[in-house]
Every structure is written in structure tokens, then in C-alpha cells.
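**Q** no sequence for this one, just the structure:
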């Protein structure tokens, strides 16, 4: 997979209670300026790039008015020639702002895949988590995507809300699968510390669902998706044959990519660099120099090896390519991971997908964090530059 | 004040009082009244010198003060010997009493007689002291002297007519109390020309002068420069300085029979001396030691561990510093599987333990983890020998000993009559043996129980206070060892024994105790990918069990390009946390779980 290009738009109508992305409620910030800044950064950092995949995410990219969306895509293409090079160009869209004008602008701008933030089909749940759309808006948005000729559509869903009943989840999931999207992402609700939800949990106002129940929902998800012909190629990602998200696969295969925008991360084999996370600071720096870098990390080979497992083991079919890992890091995983490696293979949490390919087993997938904890080298040295 | 007084002009007395009944205030009034201290200059409560004592209202260390007062036209030397005021220190109270001919029994006229007052008054009467009852705080609107007089007659058989009334706060009646000391308390006996015998009734460590002994000369005369011997510890010293506290230390040339004063030599540490010892001349006639000398044994043990393992040496230094002026503190290094390197510390009792812990915090600035207190046990072997142990791990196999004995205290509990039921229930739950019930007045009663010390050291006092809405008080006599059906309660985690969590307890309590321990472990041990069995066992028999069910799933839902560093750091942090856990078999047990079991009880 060639290099990917990620473009981040930080603004949302408002911040959802569970969200810990680099997103911010939009309060009349100058969106034109945001696009200007993105294009400045693109010129400096992605000029002549010819990416294989593009992903415009957020935040809510569809918060941009249609002309700005179009200006962004045209500008990006002028700098990177993505329309000629890319095999997949995804844009995230939220039901409330994915209108005909914007759909048209995206289509004309070169986007060929829409990722729709539906999250739930239960209106009460949507309202409780501060989503700004209802279920009907989501249904309409999906139809709109098709009407505008998007033949590849992903639907994002969340399961495991407090009180989320297994049958209710099955009904929601089956309805969405009945729309016949090409891809669904089913995320278990995670309580992250720096979110409204995390704060509520700390104050005891919210108790995450019992882990046995969450496991039941996880198992149910894989089962229902499989029955509808959607393969679970990643922990939370399900696709019809040939419809896996190429841009995301590049992350999980530890490829290289350039990230533009507030807090976006870029990766080359030796370096992880993250942009400034404050929107105002990022805008200033992007406009001034085109290089709004925040932190640069140069992980040592052991850490890079671990990162390949951290990402690659999320792919339960394909797993981690050991030959590529050896080439990239100069280290032999079997030797580096030692006893933990052998134990995990012995108890089946890890298995060989091919002579030079390691993946998690069915049980290992459900305990991936524990597996990773056992593989983690004792001292992870991080070189900050 | 260096003038000498013949024995008939000397009075040695102490004040027996419950905490906060006004002992220190009364002592201050005496000092002012006799001109030893100017009222305005007087630091509040001169006698208590340590900050901690003043704050807690507890006198930790006894001291003597010499005053002169004119009564009936004659000048008298009054030696006020301070008594420590808590149950832990019964032995020290006894030593103070032994130095006196009389005692003021000071009772708060509003609160009435407390258990400890009764115990100490009994102790004074047993030592043939003249006891003068004094009702303090009579100026308070809710003072009830008549009722208290009735209690006095019922409990101590002291005639109400003899009771004096005063207010140490306002000074009302204080002069009369001082006069009563002179008129009612007999002067000391003892021949100043007999061979020297002096009682060491207290000892203190002074940074500049080393150990200072407080003496009551019983017979003979001690002069500056005399070579003396401590009969109990068998060490010889030169008398470098003798003096009286007025309350400032005032050197004198000699101390004769009946007198009280301090003694300075080059004694390096308090470990070299014992309160209760007899001081005699190094040369000359052999003399019998004074009665009642004992080496106090630690009756409460606990582990003290630095929170930060690097502080181990600092903790040792801090304990050594405390030991300089607290010889009854004992400690030895100990390694705990769960808590690392620390010290096993022995205390006279619970209050002593609390005071040491507070002083450590105050004086050393260390973060310390304290394990739950435990008591020593005496093991009787088949060959008739005995051994004291204070760690569950030291308990031999039951096949190798005849009997195991635990310390039992006689407790006098003074409560309002309406609380009798609750207290009887509490004491019997704690394996107590009821002895008797005495009515002090129409609404107060004293219950006497024998209680295993192990059952008292946890939260007995709190339970007593809540059952009596704060009115109950309690006093213990010295513990003695009694045979009991005690067993070692073993705790198994995932089938493997966790030594650090085992304890000695009564066979009947093993199941309840085991359940409580397992419940805490269940709460603190994180779930594993497999089910973890928790068991409590006595010998090979499982008395309680719990299961920690397996973790259903543990996988992060979202991980894209921007999440790598954060996710890796999060895992590294978890790994760090795991490193601090102790593995028992294949189960990871966090320190918190050990602490939950070790540091508090039920």
C-alpha cells in the first residue's frame, strides 16, 4: 500500500459526550481560514505526493459549506494530484450536515467513499449522547449518499451504551446491514478519561456496562455481520469482500502516511510526528510556515517492532507480516518477545496465519490489550526530538 | 530553693485524673500560687512538655516538680509527681504512685468518674496512698457534684465529706486543695542515714545532657559525685548533677530520704535504664532492690513500611531517633512479600502505637504504611518451655506444641445503665468473659470483663464509644497469657498460599475472618483472563471461598494512525502498574489488595 493522506477538520456542531478526538465545538471560527491553513500545510508537506488513499475526517468535515469543501478538495488535488493517484478517497459525513449541496460538492471534488456517522438508530440514545441528528436523518443521509452516486459507503455504529440490550443492538445492526452498505464500523463504547462520559464515570454518575454483556454484544456483532456477508477484518471494521478500507489498512499495516490538520499524526518508518493540537496555534503555524508540527517521536527499533504488533494484531485474518517487520526494524520478533511470544502461541492467543505471519486467535482478539501488554517490552524508550 | 527541708516538711503527691479533667490546669495553678511561675509568663500547662502531649491532652512522660508553699505558718516542700494518664502506661502510673505518699483524685464535676480514674485510684489505694478526692470545674453550669459524690462512695468507698471542690480554671478552691495536701498527706518516712535506695520513677532523654533520671530517694542520702549502681540493669555511673525541678532544673548538692529530684550522669540512651529500677551506692552495704520492677513487654505489634522503598534507611533513622526518648518502643527489620522492606514494631499498647505513628509523621516527613496491629502469642512446647511469637509465620506446626496462649486483659468498662445491653453484647462477641457488674449510681455502672487483647486492639474502643454515645470509658489491667483455641488462618490465591496474608485467630472466628479477607481481596484483585479462586483455610480445611470470574473482554475499539503513541504509553503505564503487583502463582495481586487486608480489620 502506498502512502496515505489524512486531512483533519476539527469542528463539530457540538462535542459528543463520549468523544475524545481532536474535535471542538464550532463557535463561528473562520472556516475559510481553516481551509486556507490546510492548503498551506498541504503545499509544504504533501506537495507532489500522489497519495494512494485519501481520508478526510474530523470532527465533522461536512460542517464546511459546500464551496469550502470544493475549494479544499480542488486545492488538495492541485498540490498532490490525488484524483489521478488515489484508489480510494473517503470523506466522513454526519447526517445532519450531509445535504444535497455538500454531497454534490464532495462527489465533484473527487470523493468516492462516504463514511457516515450514524452511531445509533435509537432517538433517545442519540439525544442522550448529545448527537445532533435523529435516526430518520441517518436513514435519509444514507439514501442521499446513494442518490449522489457514492457506491462505497461506510456506516459508523456504537454498541454497549449503558442499558444497550442485545436484541435492540441486533435490530439496529440488521437494519443498517439491510441498507446494504459496503462497510460498517461497529465500535464498542469506550469510556475515555478526557470526555464528558469519563468525568461522569469518575463521579459515579455513569457505570460502564458489565464486561460479560459487552462481550456478548461483541460476539453478536461478529456473528450478525458474518451472516450478512461482512467479514470482520479488523477489531471494529466489517466489510463485504474487496471493500475493506484501504486507507485504514495502511495504518494497521504500519505503512507511511501524511496527516494534515489540527493534531494530525504522520508516520514514516522512523518517525511519528503530531501536529499542534490547539486549533488556534495550529492555524497560526500552518499559515505562517506551512509546518505546524507539535511533537516528533523517533521510536527505537524495539518500540517500532511493538507498534507493528499493536496495529497489526488488530487484523484477525491477516495479522502481522513478520518478514516485513524484520526488514523494517532489523529485529527478530521471536527473539525480542521471547517467553511471552512462546506462551501466547502455546495457549492459542496468538497463532500462525502463514509461516511468516502471526495473528490473534478468536480468544486473543477479545483480549488483545492483555496480549499486547504481555508483548510490551519492559522498558519502552521514547526519543522525543 | 536550694534550702533543705526535713522530711516532716516534705509532701510527695500526684494527681490522678482522666484526660481533660483538668490535671494540667490544676498543676499550673499550683505553680502560680506558690510563685514558682508568674501567671502571665506561664506557658499554658507547664508540665506537659511535648507538643503532642499538649495537643492530645495526654501526658506521655511523667515528670516531677518541686514547689514551696506556706501553710499554717510553716514552709513546706511539695513534690508534685506527674502521672501519665492512659491505660497503656499502667506500669508507669504505678512507678509514679510508688514515689508518693498521697494522691489527689481529680474528677470533672460535670463528667463524673471515668473507668481509668477508678483504676488508678484503686492502684493508689493498693499502694497505701492517702487519696484526696477533688471535684474540679465546679463553676460549670452542668456540674453535678452531689451525684459524683455518690459515685465516689459506691466505687471507691471514699467518704463524700472528704471531697474538695475547686475550679482550676478560675482558681477557686485551689488554695484549699494545696492546704489539704499538707494537712492530710503524711510526710515521707525513711532514714536519711540508712544505705541509699532511690526509685527511678521516670527517665527522659535530653539532647544535650543524655539521659536524665527522676528519682525518689526512699532511704539514705545521694550526694553529687557519688558512684551509684542501677541494681536492675547492673550498670555503674557517677553522679554528675543532682537537682530539683522548680520547674526549671535547679542543681542541689544532695537528695535525702523522702526527696524527689533529677539525676544526671553520662548515660547515653534510654535503653541503658529501666523505669522502676533501684539506684544504690556502688560501694558499701548490699541493699534489696525496691519492689515492683519489671521490664515492660510489647503487647501490640505492627509493621511499618515506607511507601517509597527508597525511604527504608530514613525510616530506620527516624525510629532510632524516637527510641532515644521512648525506650519501650522496639523494632526489627522485616521483609514482607507484599510491602517490601520495613520494620516490625512492638508497642506497650494501642495508644503508644498511635503516638509513635504520629510522632513519626510529624518528626520525619515520611509516608508510612502501617499494617493492622496484632498481639504476641505464647507457645508452650511439650518439654515445658515457652516462646513468645508475634508473627503468624513463626507459629510452629500444631503437632510440635502443646498449647498456644494469647494475652487477655481485665477490662473495667464504665457506662451509662442504658448501654449495659449493648456493651454486654459487644464484649461477648469479642470472646469476653463476664466477671461482675457494680452500680456506681442510679444511672452509671461498671462492668468488668476479661477480654482477649487481640479482640480489643482493632475497633473495640470505637464500638464502645458509639454504643454509649461517647459516655463509656474503659480501663485495662496488665495483660496475662491464657490458653486459647487459636489457629493459623491461611489465605490461598489461585491455589497458592499467600504468606503475607495469613493471620492467627480463634478457631471460631476463622470462618468470619476468612470471609472478610476474601471479600476485600475480591474487590482489589483485578480480573484475569482466567477465573481466580480465593480460599481461606485452617490446616487443610477450606473455611471460606470466593471466585473472581474471568474478564470477558479487553480490547480497545478504536486504534488508528493517530492513536499509536497514546495507546503504547497507556499500555506501558499498565505494565508499570503490573510490575508493582506481586505474583502469587499466576495471579497478579496489587499492593492495594494487601493493604486492604493488612491495614484495617473487618
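**A** Happy to help now that I have it. Keep in mind that this is a model prediction, so the values were computed, not measured. Numbering: from 1, shown residues only, chains lettered A, B, ... in the order given.

**Q** Just the pLDDT at residue 21, thanks.
**A** All of this refers to chain A. pLDDT, residue A:21: 82.

**Q** ah, no, chain B please
**A** Value for residue B:21, per-residue pLDDT: 79.

**Q** Also residue B:88?
**A** If you check residue B:88, the pLDDT there is 63.

**Q** Which residues are in contact with residue B:521?
**A** B:491, B:493, B:501, B:534, B:546, B:589, B:593, B:596, B:597 (C-beta atoms under 8 Å, 6 or more residues apart in numbering or on different chains). Every C-beta, even on glycine, is put in place using the N, C-alpha and C of the backbone.

**Q** Return the residues in contact with the third one.
**A** With contacts taken as C-beta under 8 Å, 6+ apart, residue B:501 has the following neighbours: B:338, B:491, B:517, B:521, B:594, B:597, B:598.

**Q** of those residues, closest to residue B:291?
**A** residue B:598 (41.4 Å; C-beta to C-beta).

**Q** Hmm, the closest one is touching residue B:372, no?
**A** Yes. Under the criterion of C-beta atoms under 8 Å, residue B:598 makes contact with residue B:372 at 5.6 Å.

**Q** out of those two, which sits in the more crowded spot?
**A** For the pair residue B:598 and residue B:372, the greater number of neighbours falls to residue B:598 (25 against 16), based on other C-beta atoms under 10 Å in any protein chain shown.

**Q** Can you show me the helices along the stretch 1-150 of chain B?
**A** Secondary structure of the stretch 1-150 of chain B, counting by DSSP state H, counting those that start in this stretch: helices at B:23-33, B:51-56, B:90-98, B:115-126, B:145-156.

**Q** mind giving me the domain split of chain B?
**A** Per the record, chain B has its domains at B:7-184, B:197-281, B:300-370, B:378-484, B:487-594, by automatic domain parsing.

**Q** Which of those domains comes out lowest on mean pLDDT?
**A** Mean pLDDT values for these show the minimum at domain B:7-184, a mean of 80.

**Q** Would you mind measuring the gap between the ends of that one?
**A** With C-alpha to C-alpha, to the nearest Å as the measure, domain B:7-184 spans 15 Å from end to end.

**Q** Tell me how far the nearest residue to residue B:230 once chain neighbours are set aside lies from chain A.
**A** Distances taken as C-beta to C-beta, 6 or more residues apart in numbering or on different chains put residue B:277 closest to residue B:230, at 5.0 Å, once the chain neighbours are dropped. Remark: distance between residue B:277 and chain A (C-beta to the nearest C-beta, to the nearest Å) = 58 Å.

**Q** for residue B:457, what are its contacts?
**A** B:300, B:350, B:373, B:374, B:375 are the contacts of residue B:457 under C-beta under 8 Å, 6+ apart.

**Q** Who are the contact partners of the second one?
**A** Residues near residue B:350 by C-beta under 8 Å, 6+ apart: B:88, B:300, B:373, B:457, B:461.

**Q** Repeat that for the first one.
**A** Under the criterion of C-beta under 8 Å, 6+ apart, the neighbours of residue B:300 are B:346, B:347, B:348, B:349, B:350, B:352, B:353, B:373, B:374, B:375, B:453, B:457.

**Q** Which single one of those residues is nearest to chain A?
**A** residue B:373 (32.4 Å; C-beta to the nearest C-beta).

**Q** so which of the domains of chain B gets nearest residue A:342?
**A** When these are ranked by distance to residue A:342, counting by C-beta to C-beta, first place goes to domain B:487-594 at 15.3 Å.

**Q** Give me the below-cutoff pLDDT ranges for the stretch 251-385 of chain A.
**A** Scanning the stretch 251-385 of chain A for pLDDT under 70 picks out A:378-385.

**Q** cutoff 50 now
**A** A:380-385 (pLDDT under 50).

**Q** In chain B, what residue comes closest to chain A?
**A** Taking C-beta to the nearest C-beta, chain B has residue B:552 as its residue nearest chain A, at 3.6 Å.

**Q** Residue B:541: how many residues sit nearby?
**A** 10.

**Q** Run through the bridge partners of it.
**A** Using DSSP bridges, the bridge partners assigned to residue B:541 are residue B:538.

**Q** Likewise for the one 5 residues further on?
**A** When bridges are assigned using DSSP bridges, the partners listed for residue B:546 are residue B:534.

**Q** picking that back up, between the contacts of residue B:350, which sits nearest residue A:63?
**A** Using C-beta to C-beta, the contacts of residue B:350 come closest to residue A:63 at residue B:373, 63.4 Å.

**Q** residues of stretch A:201-210 that come out buried?
**A** Residues of stretch A:201-210 classed as buried by neighbour count (16 or more other C-beta atoms under 10 Å in any protein chain shown): A:201, A:208, A:209.

**Q** what's the lowest-pLDDT member of those residues?
**A** Checking pLDDT across the buried residues of stretch A:201-210, the minimum falls on residue A:208 at 77.

**Q** now the residue lying closest to that residue once chain neighbours are set aside: how far from residue B:557?
**A** Nearest residue to residue A:208, sequence neighbours excluded (C-beta to C-beta, 6+ apart): residue A:191, at 5.2 Å. Shown here: residue A:191 relative to residue B:557, a distance of 11 Å by C-beta to C-beta, to the nearest Å.

**Q** Next up, the contacts around the residue nearest in space to the middle of chain A.
**A** Geometric centre of chain A, nearest residue: residue A:248, 6.6 Å, by C-alpha atoms, centre = their mean. Contact partners of residue A:248, counting by C-beta under 8 Å, 6+ apart, are A:55, A:234, A:237, B:560.

**Q** which two in the contacts of residue B:501 are spaced the farthest apart?
**A** The two members of those with the most space between them (C-beta to C-beta) are B:338 and B:517, at 13.1 Å.

**Q** what number of residues lie near residue A:249?
**A** Neighbourhood size, residue A:249 [other C-beta under 10 Å]: 19.

**Q** and if you look at residue B:157?
**A** Close neighbours of residue B:157, defined as other C-beta under 10 Å, add up to 8.

**Q** Repeat that for residue B:439.
**A** 13.

**Q** now residue A:115
**A** Other residues close to residue A:115 by other C-beta under 10 Å number 26.

**Q** Let's verify it: helix, strand, or coil?
**A** Three-state assignment for residue A:115 (DSSP: H, G, I helix; E, B strand; the rest coil): strand.

**Q** Can you tell me the closest non-neighbouring residue to it?
**A** In space, and not counting its chain neighbours, residue A:115 is closest to residue A:154: 4.3 Å by C-beta to C-beta, 6+ apart.

**Q** which residues does the nearest residue to residue B:589 once chain neighbours are set aside contact?
**A** The shortest distance from residue B:589 to any non-neighbouring residue, by C-beta to C-beta, 6+ apart, is to residue B:582 (5.1 Å). For residue B:582, the contacting residues are B:337, B:338, B:588, B:589, B:591, B:594, by C-beta under 8 Å, 6+ apart.

**Q** Residue B:137 against residue B:107, yeah?
**A** No. Between residue B:137 and residue B:107 there is no contact under C-beta under 8 Å: 9.1 Å.

**Q** Common neighbours of the two, please.
**A** Both residue B:137 and residue B:107 are contacted by residue B:21, under the criterion C-beta under 8 Å, 6+ apart.

**Q** So between these two, which is more surrounded?
**A** Remark: of residue B:137 and residue B:107, residue B:107 carries more neighbours, 28 against 24, as counted by other C-beta under 10 Å.

**Q** OK, contacts around that one?
**A** Here residue B:107 is in contact with B:17, B:18, B:21, B:113, B:117, B:133, B:134, B:135, B:136, B:148, B:152 (C-beta under 8 Å, 6+ apart).
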